[in-house]
Structures are given as C-alpha cells and as structure tokens.
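Undergrad: Need a 3D model of the following:
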Amino acid sequence: MAVPLVVLGEIRTCLLPSATALTQAQARELLALMPGSAVRWRERPGRLAVSPTIAVGVDCDLALGEQVARIVGTVATSIVLMGGRVLQSSARTRVVRAEEKRRRTWSHYVSQKGVTEVISRIPDSATAGIAFAEGYLTGPVDGDTLDLASISERLLARIRADARLDQDPPVRTRTTRLRWTASIGGNAGPRAELHLDDDSIRSIRLIVRHEADLGAAQRFCEDLAAHDWLLTVLAEALDEADRFPSHSPERMNTLAPVLEHLAGLWMPGGHAPAQLRALWKELQAEPGFSRQWTTLVARLRDTMAVATLEALRHKVFW
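TA: Numbers count the residues shown, from 1 in each chain. Prediction:
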C-alpha cells in the first residue's frame, strides 16, 4: 500500500444517554457492531471499550487548494466508550495516491478498510498532503465533498438510539466535534497544533514521525476529544448554575450530577499511545488542560459548599 499523503478524521463526543454507567458486559453488547467481531476492553488506568471497525464506502471530491480531487475508497468508523459514560464516534481515512488513474471495482477498495485513493492528477506528495489537510479543515463541505462529520454523526445516532439505553442521562450536555489531520514528518514530529474553532468544534493538525504512528494519532485524538469534552461540560455547568440564586435547588441540581458522574473520569494521556504521550505534556503546558480542570473542579466544589450553607441559612431543603 502507498504511503499516505495525509490522514483525515472526525470524532464526535457526547454523554451516553443512560442513567448509569455501563458495565463491561453491557458495553460489549452495545458496541458489538458486527457479529463475530470482538469489542476491545481496557480496565486500567480507566475503563475503555472500543468497538470493531466498520467501513463506509465513499466516491467523492476532496478539496485541493482552489481545486478538487476525486477520491474513492472507504472510511473506517468505530465507537469508543470511556468510563462507561463518555461516548465517541470516530471516522477516519488514509488518503493515498492511486496506482491507476481510474476507478477500480469495489472489491479492490473494500479490501483496504479506511483507505481512500486519489484518482485525479495531483502535485507532489508533500504539497498535496498539506493542501488536502487544509482543505479538509477550512474548506466548505457540499454534497460532492468528503463529509466525515455526517458519517460520524450517523454512527453516533445509531448507538444513542439503541433500545438498551434508557435515554435518561444524569447531565444534559452538548456534543462536541474534533476534526483532525495527521501527516508523516520524520524528525519534525511528533507535533500538535490545536485550535478551538467555536463553542463545539475543535481542529488539530498532527505531525508524526513514522507511518506506524498514524494509528496512534487516531487514539491520541480520541483521548484528547474526550478530555476537551469534559472541560466543556464542566465549564458550561458552572455557567448554567450561575443563572440561579446561591441557595436555590436548581443550582445544586445542575452541579451535583457533574461532580458525581464525570469528575472521576479525568486522566489525560491515560489511554494515549506511548509514542505520542509527549504531545499531552505539551498540551498540559499550553493551553494547560489539567490546570483548567483543577481550577474548574475547585470552583464547582466551592460553589456547592456555598450553596449548601446558603440553603441552611434560608432553611431551604432540596
């Protein structure tokens, strides 16, 4: 197989719509996307379940500067469940230069799960890889362009609607998106450039040293997306609580479930591959993920303590 020009990915992260965290047996049952394929499970340092990978066929365009290139192949998709609570849908594809500039039979593409081939004429590999990455992160998406967001969302919706889930999560939260690209840079890697596009969308550009590290890039991004989501949920819960009087039951009802169900899931880098853990160290320094988390958790506990004292002073019982 040709060396990838770039890897493109999308991860959607949300709270599992369940009143309780799933056990190992329940997670294995929910994430068994294909008969006969095992769900991977890790117990340490925290519970992590990963579904089998399934492929989605695509024949579409990919932005290449001001032009587009045609790609044909498959997108690899999977589901991740962290701590029995945090649900993720992950979609990615390795973009490679096709050996033949024509569309081949589907059996050829299906045999390469998570690989799309460029069948258009393109510049040299380095130039094309950079252009594809930028086009994916910054270019418009229309009906003819690769849309990893929709692919990821469809799989997430399928899991969230599963009849085995009671649809009664303890916290009302939003879904966040992390779009990522990874390319091979030799001694230039590993390196990460993270950008917050808006309240719910983030983008990250990764450079890894070797082709073998591209799979690690996916797992690193899933770990990053989960912890970014936790930060987002905690910050929004505090903002929501500030809308209510300090002694009100609404204030405690907003904050207590976050502390009870989500605070214990924080362990950045715990499931990140060894060859990319150095990237977590950089993110801890700037923008300072754990510093922000520690500050927000302390504020949450202080707010709840004040609310309890105020409730006693006003003789309010929840």
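Undergrad: Just the buried residues of stretch 40-56, please?
TA: By neighbour count on 16 or more other C-beta atoms under 10 Å, the buried set for stretch 40-56 is 47-56. C-beta: built from backbone N, CA, C; applies to glycine.
Undergrad: Among the residues you listed, which one lies nearest to Ala76?
TA: Nearest to Ala76 out of those is Thr53 (C-beta to C-beta; 5.0 Å).
Undergrad: now, which of the buried residues of stretch 40-56 sits nearest Glu260?
TA: Nearest member of these to Glu260, counting by C-beta to C-beta, is Arg47, at 16.6 Å.
Undergrad: quick one: contacts for that closest one?
TA: 24, 27, 41, 82-84 (C-beta atoms under 8 Å, 6 or more residues apart in numbering).
Undergrad: Would you mark the buried spots in stretch 176-194?
TA: By neighbour count with 16+ other C-beta under 10 Å, stretch 176-194 contains the buried residues 176-185, 189-190, 192, 194.
Undergrad: nope, stretch 250-267 is what I meant
TA: 251-252, 254-256, 258, 261-262, 265-266.
Undergrad: what separates that stretch from the chain centre, distance-wise?
TA: Distance, stretch centre to chain centre, for stretch 250-267: 21 Å (C-alpha atoms, centre = their mean, to the nearest Å).
Undergrad: ok, and what's touching it?
TA: 21, 45-46, 82-83, 85-86, 170-171, 226-227, 230, 233-234, 237-238, 240-241, 243-245, 290, 293, 297, 300-301, 303-304, 307-308, 311, 318.
Undergrad: neighbours of Ala307, just the number please.
TA: Counted with other C-beta atoms under 10 Å, the neighbours of Ala307 add up to 25.
Undergrad: That one against His247, yeah?
TA: Yes: assessed by C-beta atoms under 8 Å, Ala307 is found in contact with His247 at 6.3 Å.
Undergrad: part of a strand, is Ala32?
TA: No: assignment of Ala32 by DSSP: H, G, I helix; E, B strand; the rest coil gives coil, placing it outside any strand.
Undergrad: do you know how far it is from Arg202?
TA: Plainly put, Ala32 is 29 Å away from Arg202 if you go by C-beta to C-beta, to the nearest Å.
Undergrad: Looking at the two, which is more packed in?
TA: Arg202 (22 against 15).
Undergrad: SS state for the closest residue in space to that one that isn't next to it in sequence?
TA: Excluding its sequence neighbours, the residue lying closest to Arg202 (C-beta to C-beta, 6 or more residues apart in numbering) is Leu178, at 4.9 Å. Assigned by three-state DSSP, the conformation of Leu178 is strand.
Undergrad: Export the buried residues of stretch 176-194 as JSON lines, with columns for distance to Leu16 and pLDDT.
TA: Shown next, in JSON lines, are the buried residues of stretch 176-194 (distance: C-beta to C-beta, whole Å; pLDDT from 0 to 100):
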{"residue": "Thr176", "distance to Leu16": "14", "pLDDT": "98"}
{"residue": "Arg177", "distance to Leu16": "17", "pLDDT": "98"}
{"residue": "Leu178", "distance to Leu16": "18", "pLDDT": "98"}
{"residue": "Arg179", "distance to Leu16": "22", "pLDDT": "98"}
{"residue": "Trp180", "distance to Leu16": "22", "pLDDT": "98"}
{"residue": "Thr181", "distance to Leu16": "28", "pLDDT": "98"}
{"residue": "Ala182", "distance to Leu16": "27", "pLDDT": "97"}
{"residue": "Ser183", "distance to Leu16": "33", "pLDDT": "96"}
{"residue": "Ile184", "distance to Leu16": "35", "pLDDT": "95"}
{"residue": "Gly185", "distance to Leu16": "36", "pLDDT": "92"}
{"residue": "Gly189", "distance to Leu16": "34", "pLDDT": "78"}
{"residue": "Pro190", "distance to Leu16": "31", "pLDDT": "92"}
{"residue": "Ala192", "distance to Leu16": "27", "pLDDT": "94"}
{"residue": "Leu194", "distance to Leu16": "25", "pLDDT": "95"}
